[in-house]
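1. Whatever this is, show me its structure:
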Amino acid sequence: MSAVIDIQGVEKTYKRRIKALRGVDLCVGEGEIFGLLGPNGAGKSTLVKIMMTVISPSKCSGTVLGSKIGSKEALRQIGYLPEHHRFPPYLTGRQVLEHFGAMSGIKRTQRKAKASELLELVGMGSWHKDKLGSYSKGMRQRVGLAQALMNDPKLVVLDEPTDGVDPSGRRDIRNILTHLKDEGRTIFLNSHLLSELEMVCDRVAIMVHGLVRTQGTIDELTADQGGFAIKASAPIDPSLISQISSQPNMPKLHEGKDPAGLNFQTDNAEAVQPAIDMLRKQGVVIESAGFKRPSLEDLFMQVVDTNNGDKPGAISGAKGSKGANS
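-> Here you go, the predicted structure:
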């Protein structure tokens with residue numbers, strides 16, 4: 001699978017003081033939905049703006065769609081929905097799409113047909129004559145997604161696409177993204193809604209303090225953390241846990257913060273039956289038992305907690321500097 005985004009060593013320093021990005025390496029394969037996540041201030045939106053040439057990097061190498069970042073030919077093949085986008089409120093939904101179609105060089109008859117098609121795709125066909133000033137935030141997001149598709153892009157870059165969208169709308173957008181993937185497009189998502197990313201993304205990258213700390217499929221990133229989990233109704237006596245751990249042929253336990261839970265490093269239910277027997281013998285009420293893989297939220301918090309001490313400050317000698325947004 002060829003790389004649509006393949007960038008290395010991306011750095012961004014604001015006013016020679018604050019390092020927003022400290023050497024980001026990222027690879028996104030063709031035809032996949034890729035999620036970029038991280039806490040506020042991690043540098044996610046800064047990275048997206050660099051890829052879209054909204055801001056210039058302090059240092060960067062690599063390619064987007066096979067061309068150097070900033071290539072006009074590559075930019076023509078990218079659809080972009082920025083975070084906090086602003087469309088003129090006096091325009092209708094159709095006028096917004098036709099305006100962006102004209103900017104992309106699409107002929108008038110083609111852009112009218114394309115606008116109608118995309119408005120239906122995002123569920124805004126019935127409001128195409130209404131002005132954006134009368135739209136809700138979720139409706140404006142739908143129109144924003146539609147405009148990102150007007151130029152029939154190979155790569156779609158979406159910065160917080162479900163911001164302000166209700167659960168029903170988020171489901172519709174997930175379905176649209178899956179449809180775009182089926183058409184062979186590559187989707188790059190920047191979002192803080194972990195549950196949304198987990199449902200739709202093929203791979204993810206987690207950024208903390210201006211660096212990508214991990215990237216891959218969720219299965220790959222949690223491969224050594226899944227296991228057979230037992231959940232009790234109350235905290236389990238530590239001495240009982242020690243007894244269970246010391247039993248012959250007992251699978252090892254993952255370290256965990258839940259005092260009422262045991263997570264064994266195995267997917268073999270039979271191997272943990274002696275542990276269940278010991279718990280029941282001691283009167284422990286078991287609420288659930290079964291194989292459990294860490295969620296994306298679990299993985300996210302683990303990566304953030306592990307790298308929290310690596311927070312960069314202002315560059316040595318800087319005074320009165322202010323941080324950049326994420």
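2. Got the domain ranges for this protein?
-> Domain assignment for the chain, taken from automatic domain parsing, gives 3-221, 227-292.
3. Export the ones you listed as JSON lines, with columns for mean pLDDT.
-> Listed next are the domains of the chain as JSON lines, based on pLDDT from 0 to 100:
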{"stretch": "domain 3-221", "mean pLDDT": "91"}
{"stretch": "domain 227-292", "mean pLDDT": "91"}
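4. Out of these, which is the most enclosed?
-> domain 3-221 (a mean of 18; mean count of other CB atoms under 10 Å). Quick note: C-beta positions are derived from backbone N, CA and C, even for glycine.
5. roughly how far apart are the residue nearest to residue 28 when sequence neighbours are not counted and residue 217?
-> Excluding the flanking residues, the one nearest residue 28 by CB to CB, 6 or more residues apart in numbering is residue 5, at 3.9 Å. Counting by CB to CB, to the nearest Å, the gap from residue 5 to residue 217 is 16 Å.
6. thinking again about what came up before, ok, which of the domains of the chain comes nearest residue 308?
-> domain 3-221 (7.7 Å; CB to CB).
7. Could I get the full set of strands for this structure?
-> In the chain, the strands defined using DSSP state E lie at 3-14, 18-29, 33-37, 59-64, 67-68, 78-81, 155-159, 186-190, 203-208, 211-216, 227-232, 261-264, 286-292.
8. Of all those strands, which one is nearest residue 148?
-> Of all these, strand 78-81 comes closest under CB to CB, at 3.7 Å.
9. Isn't residue 124 up against residue 143?
-> Yes. Checked against CB atoms under 8 Å, the pair residue 124 and residue 143 is within contact range at 6.0 Å.
10. what do the two both touch?
-> Shared contacts of residue 124 and residue 143, defined by CB atoms under 8 Å, 6 or more residues apart in numbering, are found at residue 93.
11. what's the longest helix belonging to the chain packed up against?
-> Secondary structure of the chain per DSSP state H: the longest helix is helix 167-182. Under the contact definition 3 or more CB pairs under 8 Å, 6 or more residues apart in numbering; DSSP states H and E, helix 167-182 sits against strand 33-37, helix 137-147, strand 186-190, helix 194-200.
12. Now do the longest one and helix 167-182, the angle between them.
-> Between the direction of helix 137-147 and that of helix 167-182, the angle (axes from the mean of the first three to the mean of the last three CA atoms, to 10 degrees) works out to 10 degrees.
13. cool, the third one as well?
-> On the basis of the same axes, to 10 degrees, strand 186-190 is oriented at 140 degrees to helix 167-182.
14. what packs against strand 186-190?
-> strand 3-14, strand 18-29, strand 33-37, helix 44-51, strand 155-159, helix 167-182.
15. TSV please, covering those and showing distance to residue 268.
-> Output for those, formatted as TSV (distance: least, CB to CB, whole Å):
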stretch	distance to residue 268
strand 3-14	38
strand 18-29	33
strand 33-37	32
helix 44-51	39
strand 155-159	41
helix 167-182	34
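16. The ones you listed: which one's closest to residue 136?
-> helix 167-182 (9.4 Å).
17. Any chance you could list what contacts that closest one?
-> Under CB under 8 Å, 6+ apart, the answer for helix 167-182 is 31-33, 121-123, 138, 141-142, 145, 149, 156, 161-162, 165, 187, 189, 193, 196, 199-200.
18. what's the offset of that helix from the middle of its chain?
-> 14 Å (CA atoms, centre = their mean, to the nearest Å).
19. Just the CA atoms of it, as PDB, please.
-> Provided in PDB are the C-alpha atoms of helix 167-182 (Å, rounded to 0.1, in the frame of the first residue of the first chain):
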ATOM      1  CA  PRO A 167     -25.300  11.800  17.700                       C
ATOM      2  CA  SER A 168     -27.600  11.200  14.700                       C
ATOM      3  CA  GLY A 169     -25.400  13.600  12.600                       C
ATOM      4  CA  ARG A 170     -22.200  11.900  13.800                       C
ATOM      5  CA  ARG A 171     -23.600   8.600  12.700                       C
ATOM      6  CA  ASP A 172     -24.400  10.000   9.300                       C
ATOM      7  CA  ILE A 173     -20.900  11.500   8.900                       C
ATOM      8  CA  ARG A 174     -19.400   8.100   9.900                       C
ATOM      9  CA  ASN A 175     -21.400   6.500   7.100                       C
ATOM     10  CA  ILE A 176     -20.300   9.100   4.600                       C
ATOM     11  CA  LEU A 177     -16.600   8.600   5.600                       C
ATOM     12  CA  THR A 178     -17.100   4.800   5.000                       C
ATOM     13  CA  HIS A 179     -18.700   5.600   1.700                       C
ATOM     14  CA  LEU A 180     -15.700   7.800   0.700                       C
ATOM     15  CA  LYS A 181     -13.300   5.100   1.700                       C
ATOM     16  CA  ASP A 182     -15.200   2.500  -0.400                       C
END
